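Peer 1: Structure of the sequence below:
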Amino acid sequence: MTPSLILASQSPFRRMLMENAGLAFEARPAQIDERAVEAAIAASHISPVDIAGELALAKARDVSGRAAGAYVIGSDQTLSLDGRVFHKPRNMAEARGHLEALSGRTHALNCGIALVRDGETLWRHVSIARLTMRPLSRPFIERHLERVGERVLASVGAYQLEGEGVQLFEAIDGDYFTILGLPLLPLLQQLRKFGVIDA
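Peer 2: Down below sits the predicted model:
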């Protein structure tokens, strides 16, 4: 019998990626306060890359505690620029501020992923993509936000690369799946290794 697989996330993008890959899984969002977890580990002065990994692990462990025998995938993403960690904007004013800060700069999307079973960490990994945003004028930012609306509030960078957000960029160095929030190729490799999917 194939062991059960759980995605510890409510992200529609992560669910879509796993469904498109043909994985049989259940989605159960973790019940953690991400900002509280981040605040606790920030005292250790760890990098935005490590924060993404720790948040992914915290999500997987939380769900694993209520799912005996299941393989649980946790994933989280941070956006960093010059040591600053960006979070999902709470409103359109914050989204505008994100785009103004990222305009003409190269930022990193750090995507952490962890695989946990019965509380034991089987594997963890962080993939990094680097995205260079073209210089954006304030009038363009206003027009862009007006067109795409509150969808931008679902992303740490206030953009969706799979939609109109692609128009904001001049260069992308990294894996598409990492940018969408789930490093799928290394995950599939680990699921095959543990016999969760057909090798």
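Peer 1: Which SSE is immediately downstream of the biggest helix by length in the chain?
Peer 2: As assigned by DSSP state H, the longest helix anywhere in the chain is helix 48-64. Remark: after helix 48-64, the chain's next helix or strand is strand 71-81, criterion DSSP states H and E.
Peer 1: Now do that following strand and helix 48-64, the angle between them.
Peer 2: 150 degrees (axes from the mean of the first three to the mean of the last three Cα atoms, to 10 degrees).
Peer 1: in strand 71-81, what counts as buried?
Peer 2: For strand 71-81, burial by neighbour count (16 or more other Cβ atoms under 10 Å) applies to 71-81. Placement of C-beta: from N, CA and C, glycine included.
Peer 1: Closest to Val166 out of those residues?
Peer 2: Distance to Val166, by Cβ to Cβ, is smallest for Leu79 among the buried residues of strand 71-81, at 16.3 Å.
Peer 1: Ala40: how many residues sit nearby?
Peer 2: 12 (other Cβ atoms under 10 Å).
Peer 1: Now it. Its backbone dihedrals?
Peer 2: Main-chain dihedrals, Ala40, degrees, to the nearest 10: phi -70, psi -40.
Peer 1: What of Arg117?
Peer 2: Backbone geometry at Arg117, expressed as degrees, to the nearest 10, gives phi -140, psi 130.
Peer 1: so the closest residue to it other than its chain neighbours bridges to which residues?
Peer 2: Once flanking residues are discounted, Arg117 sits nearest to Tyr71: 5.2 Å by Cβ to Cβ, 6 or more residues apart in numbering. Listed by DSSP bridges, the beta-bridge partners for Tyr71 are Leu5, Arg117.
Peer 1: mind checking how far Tyr71 is from Arg15?
Peer 2: Tyr71 sits 16 Å away from Arg15 when distances are taken as Cβ to Cβ, to the nearest Å.
Peer 1: What of Asp175?
Peer 2: Asp175 sits 18 Å away from Arg15, going by Cβ to Cβ.
Peer 1: the longest strand in the chain is where?
Peer 2: Criterion DSSP state E: the longest strand present in the chain is strand 120-133.
Peer 1: Adjacent strands (with direction) for that one?
Peer 2: strand 106-117 (antiparallel), strand 169-173 (antiparallel).
Peer 1: contacting residues around stretch 77-90?
Peer 2: Applying Cβ atoms under 8 Å, 6 or more residues apart in numbering, the external contacts of stretch 77-90 come out as 35, 38, 47-49, 51-52, 55, 95, 97-98, 101-102, 105-112, 152-158, 181.
Peer 1: I'd like to know which of those residues are buried.
Peer 2: 38, 48-49, 51-52, 55, 95, 98, 101-102, 107-112, 152, 155-158, 181.
Peer 1: ok, Ser127 touching Ala108?
Peer 2: No: between Ser127 and Ala108 there is no contact under Cβ atoms under 8 Å: 10.5 Å.
Peer 1: Now do the helix or strand of the chain with the lowest mean pLDDT against strand 71-81: the angle between them, please.
Peer 2: Ranked by mean pLDDT, DSSP states H and E, the weakest helix or strand in the chain is helix 34-42, scoring a mean of 76. Helix 34-42 runs at 70 degrees relative to strand 71-81, counting by the same axes, to 10 degrees.
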